[in-house]
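Peer 1: Return a 3D structure for these sequence lines:
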Amino acid sequence: MSAARDKVRLKRVYDDPAPEDGFRVLVDRLWPRGLSKARAGVDLWMKEAAPSPELRQWYHRDLTRWAEFRRRYRAELADPANPALADLRAIVRAHTGRGGKTGASAKAGAGRGKGSDAAARGAVTLLYGAKDEVQNHAIVLLEALLDTNTRKARPRR
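Peer 2: Model prediction:
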């Protein structure tokens, strides 16, 4: 298991914040209903990491389309015009001690003003509002994030 896999977690934003969460990144396009910013404990809200509104609405009309939703969302994340995955990768590096600061480091330091404290804890938690903990976009996002890290770490032959 890679170091990144051990350092990046998923959690419902409605669950109480915990010290082991480290840097908390909300990856939903919409703010969670009924949740105050203080209670959410979000360090950074990355709306752009969420599926497009069209894809989200398409999937929510028929939840049996999970496999196709995953494929389409991965395609959105892989689109060179969408920097969300690269930005998130930089945030993980900055907050888990896996390399120096990069272009997204300014974004990674934004939030509740405790970025250096979160970085010291060495973890990043991706927060989502979905009730379904097995089939939601954050799972696909984490898979894409870890796949990208794995490909990047592989030596070329």
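Peer 1: Quick check, central residue of the protein?
Peer 2: residue 126 (4.2 Å; C-alpha atoms, centre = their mean).
Peer 1: I'd like the average pLDDT over the helix or strand containing that residue.
Peer 2: Take DSSP states H and E as the rule and residue 126 turns out to sit in strand 124-128. Averaged across strand 124-128, the pLDDT comes to 98.
Peer 1: Distance check, residue 16 against residue 64.
Peer 2: 32 Å (C-beta to C-beta, to the nearest Å). Using the backbone N, CA and C atoms, a C-beta is placed for each residue, glycine as well.
Peer 1: scratch that, residue 19
Peer 2: 39 Å.
Peer 1: same deal with residue 7?
Peer 2: Note on residue 7: its distance to residue 64, by C-beta to C-beta, is 33 Å.
Peer 1: re earlier: parallel or antiparallel, list what pairs with the strand holding residue 126.
Peer 2: strand 8-12 (parallel), strand 23-26 (parallel) (DSSP bridges).
Peer 1: In contact with residue 128, which residues?
Peer 2: 10, 11, 12, 13, 26, 27, 28, 136, 137, 138 (C-beta atoms under 8 Å, 6 or more residues apart in numbering).
Peer 1: ok, the fourth one - contacts?
Peer 2: When the contact criterion is C-beta under 8 Å, 6+ apart, the partners of residue 13 are 26, 28, 32, 35, 40, 42, 127, 128, 129.
Peer 1: List the buried residues in stretch 17-33.
Peer 2: 17, 21, 22, 23, 24, 25, 26, 27, 28, 29, 31, 32 (16 or more other C-beta atoms under 10 Å).
Peer 1: Between the residues you listed, which sits nearest residue 93?
Peer 2: Nearest to residue 93 out of these is residue 23 (C-beta to C-beta; 11.4 Å).
Peer 1: from the middle of its chain, how far away would the host helix or strand of residue 93 be?
Peer 2: In the assignment (DSSP H and E), residue 93 maps to helix 84-96. With C-alpha atoms, centre = their mean, to the nearest Å as the basis, helix 84-96 stands 9 Å off its chain's centre.
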